[in-house]
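In: I'd like to go over a predicted model; first the sequence, then the structure.
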Amino acid sequence: MTVQIETTANNGVNTEALMGARDAFAQAPEAAAFTFRSTCSWVDGTESSNEINGYFGLGQEHTRPASFVINSDHPTVFAARDTAPAPPEIVLSALASCLTAGVASVAQHRGIQLNSIKAHAEGDVDVRGILGMDPDIRNGFGAIRVRFEIDADASEDDIRALVAQSQKRSAVFDLLTNPTNVHVDLA
Amino acid sequence: MRHISTVIIGAGPAGLAMSKCLSDRSISHMVIERGEVANSWTTERWESLTLLTPNWQSRLPEYCYTGEHPDGFMSMPQIADYLHGYATSITAPVEDRTTVEAVTAQGFGYRVSTDRGDWTCDNVVFANGACGRAQVPSIAQALPAGIAQLTPQTYKSPAQIARGGVLVVGASASGTQIAAELLGVGHDVMMSAGAHIRVPRRYRGRDIQWWMDRSGVLDARIGEVDDPDRARRVPSLQLIGDAGLSFLDLNTLQARGAEVTGRMVGLRDGLAQFSGSLANQCASSDLKMRRLLRGFDLWAASQDLTDLPPVELHPVTRLPANPRLTLDLANGRIRTVIWATGYAPDFSFAKLPIFDRKGELRHSEGIVGPGLYVLGLPLQMRRKSALIDGVGADAEALATHLEHHLKIRAA
């Protein structure tokens, strides 16, 4: 009962490099310790701007040639200027991006050609929580749903398996489904 | 100091199979057993447990089940009798009630120190089982005082369990069986389920082990397995040795009144925290089961098996719309926690540099080092390596290697 899969799929993911990294980290697990960073500056009102550049990994600091910028604000219904997405929307986009990258990587590894992927992420928030009106209502998402539209040269079960595996290996899915110790302090 | 060619540690199926293979090669050996033959089956399991494999599948080198119920499942006293019968039939040289305290290097061989004296030997075979230690997560230390904690090794029967709620952590064979037993006597049971492997006991009129055996799934060599490290960590099948029960899965437990939630991931201030990933764990498990059963269907079609009932489809795992993410363990509802979170082998007696950085035994298909072997670990050589039915072939291969090793040393 062995199934041979022709690995002619090209989803633009270098899985050979990723599998090589797995072997390298097995020999030197300390190299697998990464630290990511984002530096947020207040702009005005509820608007802020994140600069993302350096990170630590493979035992050393890495600097990108140019920084990435992610701005955030709040919608006008919260009496804000709505110049950028709200932070929870950025979290949804991070989840959708993480799962989508996972689907592409797993599909490449399994030799499945992808034609298109669209992930629709939505999360429910009862804003009475953040307004401090009811201690029984949490601030964060009460539930998050992601709906994938995937066109790939594979059976429905194989596509479902891609989606399942992407969740198992996703950093952001883990962040949202499991607790994390968060330490916030003055510099 | 007494000397013997080979010391086998453990007189269970693996140790006895190895003894048989060494006797066939006229290699002098002894089997050291801390209790009696089949000790862990009789002292470290719960009372209602039966084997998960049918009687016909308890095949050992030149020994098999000859009773009237080849499709039945042995109780723990029955498997103990069965293994005592094997030890007698092969005249295994068992030194029982002898506990190994240390295995150390000595000259070109080893020294095995026991509570009844020391031996030197050329070879040592660790056959003391894959389930020597029940694994308990570190969060267990934070459990509020007053909540009883058990593992599948210390759980014996419902008589031990205080009235009230039980949180069973782990949804593999041990966890689902114990949860079902406690639901049966009226306990309020909460099941925390992480990764699990859902399979039906019977499929298309045959036991699942018949399919695994005949289709060749169990014979797959470790070299043919995609990711051996991951495959060795796959949890046990959600099975019970009861041909009358088609599934012992999360659907069955919920139908009997259990509340199901995700993997337990934290415990702070008396509040247990569960992962929100249950839906994906169940979806993955349903997909894996479908893939396994479709593989059996394809195999059956290729074999022209005409006497089989038609293909069966199974409903997906049903879940609460919003599985709970927290549980207050301080409010008195939960009186007992059962950590059915897996087992690890116990080779702590080995004072040798044979463990990796996670403390796991390094070996290649059971060969640990010169004259040092392990038998009975999951997928150590084949998919069936940890089954009673699998240790025979592995013992045969290791005995051949061991014999060769002795000849090289003698030369």
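Out: Looks like it came in fine.

In: make it CA atoms for all contacts and neighbour counts henceforth
Out: OK.

In: Pull out the buried residues from the helix or strand B:Arg294 falls within.
Out: Secondary structure assignment for B:Arg294, by DSSP states H and E: helix B:278-302. The neighbour-count check on helix B:278-302 (16 or more other CA atoms under 10 Å in any protein chain shown) flags B:278-290, B:292-293, B:295-297, B:299-300 as buried.

In: which stretches of chain A have low pLDDT?
Out: A:1-7 (pLDDT under 70).

In: Can you report phi and psi for the residue of chain A at minimum distance from chain B?
Out: Taking CA to the nearest CA, chain B has its nearest neighbour within chain A at A:Thr177, 4.4 Å off. With angles defined as degrees, to the nearest 10, A:Thr177 sits at phi -100, psi -20.

In: Tally up the residues packed near it, please.
Out: 17 (other CA atoms under 10 Å in any protein chain shown).

In: hmm, back to that, elements contacting the helix holding B:Arg294?
Out: helix A:156-168, strand B:197-198 (3 or more CA pairs under 8 Å, 6 or more residues apart in numbering or on different chains; DSSP states H and E).

In: could I get the ones you listed as CSV with mean neighbour count?
Out: Shown next, in CSV, are those (neighbours: other CA atoms under 10 Å in any protein chain shown):
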stretch, mean neighbour count
helix A:156-168, 19
strand B:197-198, 24
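
In: Relative to A:Ala21, which of the ones you listed is closest?
Out: helix A:156-168 (18.3 Å; CA to CA).

In: Which other helices and strands does that closest one contact?
Out: Partner elements for helix A:156-168 (3+ CA pairs under 8 Å, 6+ apart): helix A:87-109, helix B:278-302.

In: B:Thr114: helix or strand, and which one exactly?
Out: strand B:109-114.

In: Paired strands for that strand, with orientation please.
Out: Using DSSP bridges, the strands paired with strand B:109-114 are strand B:100-106 (antiparallel), strand B:117-126 (antiparallel).

In: Please identify the most buried of the ones you listed.
Out: strand B:117-126 (a mean of 21; mean count of other CA atoms under 10 Å in any protein chain shown).

In: Would you map out the domains in the chain?
Out: By default, I'm working from chain A. A:28-73, A:86-178 (automatic domain parsing).

In: please go with chain B instead
Out: If you go by automatic domain parsing, chain B breaks into B:2-132+B:345-410, B:136-339.

In: any idea how far the shortest one is from the chain center?
Out: Relative to the chain's own centre, domain B:2-132+B:345-410 is displaced by 14 Å; criterion: CA atoms, centre = their mean, to the nearest Å.

In: related to what we said a few turns ago, now the domains of chain B in TSV, please, with extra columns for mean pLDDT.
Out: Output for the domains of chain B, formatted as TSV (pLDDT from 0 to 100):
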stretch	mean pLDDT
domain B:2-132+B:345-410	96
domain B:136-339	95
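
In: gap between stretch B:203-211 and the chain center?
Out: With CA atoms, centre = their mean, you get 20 Å for stretch B:203-211.

In: what does chain A have sitting close to chain B?
Out: A:Met1, A:Asp157, A:Arg160, A:Ala161, A:Ala164, A:Gln165, A:Gln167, A:Lys168, A:Leu176, A:Thr177, A:Asn178, A:Pro179 (CA under 8 Å from any CA of the partner chain).

In: and these as JSON lines, adding distance to A:Ala33?
Out: Putting those into JSON lines (distance: CA to CA, whole Å) gives the following:
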{"residue": "A:Met1", "distance to A:Ala33": "38"}
{"residue": "A:Asp157", "distance to A:Ala33": "35"}
{"residue": "A:Arg160", "distance to A:Ala33": "31"}
{"residue": "A:Ala161", "distance to A:Ala33": "29"}
{"residue": "A:Ala164", "distance to A:Ala33": "26"}
{"residue": "A:Gln165", "distance to A:Ala33": "23"}
{"residue": "A:Gln167", "distance to A:Ala33": "21"}
{"residue": "A:Lys168", "distance to A:Ala33": "20"}
{"residue": "A:Leu176", "distance to A:Ala33": "21"}
{"residue": "A:Thr177", "distance to A:Ala33": "22"}
{"residue": "A:Asn178", "distance to A:Ala33": "20"}
{"residue": "A:Pro179", "distance to A:Ala33": "20"}
